[in-house]
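# the following comprises the amino acid sequence and a computationally predicted model.
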Amino acid sequence: MVTEYDVAISFAGEDRAVAQQLADILVNDFGLLVFYDDYEQAALWGKILTEKLIDIYCNKARFCMVLISQSYKEKRWTKHEWRSAQQRAFLEPDRDYLLPVKLDDTVLDGMFQTMGYMDARKVSVRRIARLTFEKIGDLSKIKNKIRLADQKYKEGLIDEVIELLDDSCFDEHIEALRLKGSAYGRQCDYVNAVRSLKLILQEQPRDFLAHFLLGIFCYRKRDFRNSVFHFEIAEQLSPNHPTIQSDLPIARKKLAEEEQKRSC
């Protein structure tokens, strides 16, 4: 499962001040990737929110912080988010996916009374943010490695990029997969390059860069059928792209020649 956020914050509109403070501290002081709706206004604009939120709370975050209050229990949208988060927690019973934060004495349907929680009436928001960072722990180290690998890639230190990201834990991070795919391609290791890029498409089937690079690397592997396939999708996503305009006809020609030889 490829995740995009370290933590997603689920809250009622009445509790936005606390959610905003938490999100700002987690992002600005601890460098975490946080899903907080105000940060995502452009991304959410025009989306079918029920589908988008299910995807976020079921698939896209490492942890879900739930700000529990009477307003949260009563709101239609928060009920939807809570059910989505519960589904993820049910599917991964050995992970502490849910991070409850109580704002009052409300008890949510389906929440175990024995589940550990933070009480925002007794613990400061900054302390909750620090404990969240400590809970995530190694994830922050992973993000730092990805940032370092990106810097190394820009400097042309491709071997160091591969060494930094040579661990299956990075297969859950799209940024890392893009770097791995590009770096393996620079090393002419097209098998690993294609593998990394295809992992991206499992989560983002319309990712332009993944299809574009797959078009190039499949061609270099002499897999002309898949080269044409990925180039054509990339062309749909970015019409009139100059490299695709020049390379796609060549890939089609090679595929036609190959099919003609097979038919003889």
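Okay, I see it. Numbering: from 1, shown residues only.
# okay, and the helix or strand of this structure with the least pLDDT?
Lowest mean confidence among the helices and strands of the chain (mean pLDDT, DSSP states H and E): helix 41-44, at a mean of 57.
# so Asn240 sits in a strand?
No - read with DSSP: H, G, I helix; E, B strand; the rest coil, Asn240 is coil and lies in no strand.
# what about it, how many residues nearby?
7 (other CB atoms under 10 Å). Glycine gets a C-beta too; all of them are placed from N, C-alpha and C.
# ditto for Pro239
9.
# neighbours of Val7, how many?
Val7: 24 neighbours (other CB under 10 Å).
# wait, it sits on Tyr57?
No - in this structure, Val7 is not within contact of Tyr57 by CB atoms under 8 Å, at 11.2 Å.
# touching both of the two, which residues are there?
Both Val7 and Tyr57 are contacted by Cys64, under the criterion CB atoms under 8 Å, 6 or more residues apart in numbering.
# what is the end-to-end distance of stretch 4-14?
Counting by CA to CA, to the nearest Å, you get 26 Å between the two ends of stretch 4-14.
# list the contacts of that stretch.
Against stretch 4-14 from outside (CB under 8 Å, 6+ apart): 18-19, 22-23, 26, 32-36, 56-57, 60-67, 69, 71-72, 74-75, 78, 81-82, 85, 99, 132, 136, 139-140, 143, 174.
# measure Ile200 to Val123 for me?
39 Å (CB to CB, to the nearest Å).
# the two: who's more crowded?
Per other CB under 10 Å, whichever of Ile200 and Val123 has more neighbours is Ile200, with 24 against 14.
# so who does the more buried one touch?
2, 174, 177-178, 181, 207, 210.
# same question for Asp96.
63, 135.
# can you check the pLDDT for it?
With respect to pLDDT, Asp96 scores 78.
# returning to that earlier point: may I ask which of the contacts of Ile200 has the most neighbours?
Leu177 (27 neighbours).
# for that residue, which three-state class applies?
Leu177 ends up helix, using three-state DSSP.
# and the strand of greatest length in the chain, how far out from the chain's middle?
As assigned by DSSP state E, the longest strand anywhere in the chain is strand 61-68. Remark: strand 61-68 is offset 16 Å from the chain centroid, using CA atoms, centre = their mean, to the nearest Å.
# which residues touch that strand?
3-12, 15, 18-19, 22, 35, 57, 72, 82, 85, 88-89, 96-104, 106, 108, 111, 117, 120, 132, 135-136, 139.
# follow-up on the earlier one: show me the contacts of stretch 4-14 that map onto strands.
Those of the contacts of stretch 4-14 lying in strands (DSSP E): 34-35, 61-67, 99.
# can you flag the buried ones in those?
Buried members of the ones in strands among the contacts of stretch 4-14, counted by 16 or more other CB atoms under 10 Å: 34-35, 61-67, 99.
# which residues in the stretch 51-200 of the chain form helices?
70-74, 76-91, 125-136, 138-154, 158-164, 174-186, 190-203 (DSSP state H, counting those that start in this stretch).
# what helices or strands is the shortest one leaning on?
For helix 70-74, the packing partners by 3 or more CB pairs under 8 Å, 6 or more residues apart in numbering; DSSP states H and E come out as helix 76-91.
# the helix it packs on vs strand 61-68, what angle?
Interaxial angle of helix 76-91 relative to strand 61-68 (axes from the mean of the first three to the mean of the last three CA atoms, to 10 degrees): 130 degrees.
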